[in-house]
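J.: Provided below are the primary sequence and the corresponding predicted coordinates.
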Amino acid sequence: MPPRKLHDGRSDGLMPLESLDLSQVGSFAGLVRAMAKTAFGGRQLGGALDVFLAMARDPGCRVVLTLSGAMTVAKQGRIICELIDRGLVDAVVATGALMAHGLTESIGLAHYAVNPDADDTELFEKGYNRIYDTLEMESNLNDVCELVARVLATYQPEDGVWSSARFCRAVGEELDRLDQGPGILRSAFRKGVPVFIPAFTDSEMGLDFSTWAMGAALSQRGLVDSDTLLDPAEVFEAIPPYNPFLDLQEYARFIGRAESLGIFTVGGGVPRNWAQQVAPYFDITADRLGIRLPEPRFKYGVRLCPEPVQWGGLSGCTYSEGISWGKFLPPAQGGQFAEVLSDATVVWPLLMKAAFEILDGAAE
């Protein structure tokens, strides 16, 4: 075997790593920048800062924020509000549960910490709904239900049919009128940012929406608060005036007007897939209808999610995998992506504080 010619790395253009010197760190931006020169999750977070800033500074880029997980119960809601208030997000796609829990905060109610080993039977008796080490009060959700009912009774959607985006706009307007504190939907309403909840019925808000419709139907028959035993087949027959395809088409029109696209994903699940599938939606629409359409692709992507790729789920799939579905621009065509496999409650505040410092000119 001929002797190997050992390289030193620099001659091949490799980036040298640097030991993290906290004595030289004076800002969140400085910390995340320094972490970019370390390894593993720290370097992933540093890369996420660069991609986020590129996305934020692209004047023609429309940024879609997708959210799943109990981020509002976990008290990350003000970060979402600030992203919207600063104009760094142009559309939000979220779970209904996340928005419902956020509503409790928006109307001045509280969530609480709890030991994950607490007696869940006892919690149920007290009306304490546990989300790992936090509690959502059942009484909070009753107040959210009253808000939902008031919005449905007060606001009228176009053509009399609701979608999640139309409903979220109406709730945001009502929150702005009430002026009881900051809230995601309030910020979104004030900034004209659409909020989509693709799996609307899979949430407290969706259930409240449905019970409102059933209540209206039973009220006409004088059965509400009558304590009458009813056949479930009779009760669950009322259907609210709601069409999820209004969301699909509104979102497609929003995407179709963008010069470039970015996506910022916290968690995964339905919001991530629904937001990303718009590119194949354009492709198959053009192909199956024999027409020509733009071919939207996400140019930027930042993802904070602990889900590993090997389970095969959408939550854990990589942006590279998404390229094979025609959802993202390959790096060779300008695609810029960063994926941080971590609990968002740990890395999201660090990332956003660092980005805000840089965008405000307080750090480089």
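T.: Structure received.
J.: List the buried residues in stretch 350-364.
T.: Applying a neighbour-count criterion of 16 or more other CB atoms under 10 Å, the buried positions in stretch 350-364 are 350-359, 363. Yep, even glycine has a C-beta here, placed from its N, CA and C like the rest.
J.: wait, which of the residues you listed is closest to Gln76?
T.: Top of the list for closeness to Gln76, among those and by CB to CB, is Met352 at 9.3 Å.
J.: can you give me phi and psi for that closest one?
T.: Note on Met352: its backbone torsions stand at phi -70, psi -40 [degrees, to the nearest 10].
J.: which one is it nearest to, not counting chain neighbours?
T.: The shortest distance from Met352 to any non-neighbouring residue, by CB to CB, 6 or more residues apart in numbering, is to Ile79 (5.3 Å).
J.: residues contacting the one you found?
T.: By CB atoms under 8 Å, 6 or more residues apart in numbering, Ile79 lies in contact with 348-349, 352.
J.: follow-up on the earlier one: which of the buried residues of stretch 350-364 sit farthest apart?
T.: The most widely separated members of the buried residues of stretch 350-364, counting by CB to CB, are Leu350 and Leu359 (15.1 Å).
J.: sorry, back to before: turn the contacts of Ile79 into JSON lines, including distance to Gly269 and pLDDT.
T.: Below are the contacts of Ile79 laid out as JSON lines (distance: CB to CB, whole Å; pLDDT from 0 to 100):
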{"residue": "Trp348", "distance to Gly269": "16", "pLDDT": "98"}
{"residue": "Pro349", "distance to Gly269": "21", "pLDDT": "98"}
{"residue": "Met352", "distance to Gly269": "21", "pLDDT": "98"}
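J.: Let me know the distance separating the residue nearest to Met352 from Lys353.
T.: Using CB to CB, to the nearest Å, Ile79 is found at 9 Å from Lys353.
J.: what ranges do the strands span in the stretch 51-200 of the chain?
T.: Taking DSSP state E, counting those that start in this stretch to define them, one finds strands in the stretch 51-200 of the chain at 61-67, 91-94, 112-113, 128-131, 134-137, 195-196.
J.: Sheet partners, orientation included, of the fourth one?
T.: This means strand 128-131. Strand 128-131 sits in its sheet next to strand 134-137 (antiparallel), going by DSSP bridges.
J.: OK, contacts around the most centrally placed residue in the chain?
T.: The centroid of the chain falls nearest to Leu67 when counting by CA atoms, centre = their mean (1.8 Å). Contact partners of Leu67, counting by CB under 8 Å, 6+ apart, are 80, 92-95, 98, 266-267, 271.
J.: With Tyr132 instead?
T.: Tyr132 is in contact with 70, 116, counting by CB under 8 Å, 6+ apart.
J.: One more pass at 6 Å, please.
T.: Residues counted as contacts of Tyr132 (CB atoms under 6 Å, 6 or more residues apart in numbering) are Pro116.
J.: Before we move on, what's the pLDDT of it?
T.: At Tyr132, the model reports a pLDDT of 95.
J.: Same check on the one 3 residues further on?
T.: On the pLDDT scale, Leu135 is placed at 96.
J.: Roughly how far does it sit from Met99?
T.: With CB to CB as the criterion, Leu135 and Met99 are 18 Å apart.
J.: more neighbours, those two?
T.: A count of neighbours by other CB atoms under 10 Å puts Met99 above the other of Leu135 and Met99, at 29 against 21.
J.: quick one: that one and Ile291, what's the gap?
T.: For Met99, the distance to Ile291 equals 35 Å [CB to CB].
J.: do Leu147 as well
T.: In terms of CB to CB, Leu147 sits 42 Å off from Ile291.
J.: Between those two, which is the more surrounded one?
T.: A count of neighbours by other CB under 10 Å puts Leu147 above the other of Leu147 and Ile291, at 20 against 8.
J.: which residues sit in contact with Ile80?
T.: Per CB under 6 Å, 6+ apart, neighbours of Ile80: Ile184.
J.: Break down the stretch 201-350 of the chain into its helices, ranges please.
T.: All helices of the stretch 201-350 of the chain, identified by DSSP state H, counting those that start in this stretch, fall at 204-219, 232-235, 244-256, 269-276, 278-289, 319-324, 344-359.
J.: nearest to Arg43, of those?
T.: For these, proximity to Arg43 was assessed by CB to CB; helix 344-359 is nearest, at 12.1 Å.
J.: just checking, what packs against that closest one?
T.: Where contact means 3 or more CB pairs under 6 Å, 6 or more residues apart in numbering; DSSP states H and E, helix 344-359 is packed against helix 28-35, helix 40-57, strand 298-304.
J.: hmm, 7 Å instead?
T.: Under the contact criterion of 3 or more CB pairs under 7 Å, 6 or more residues apart in numbering; DSSP states H and E, helix 344-359 touches helix 28-35, helix 40-57, helix 77-85, strand 298-304.
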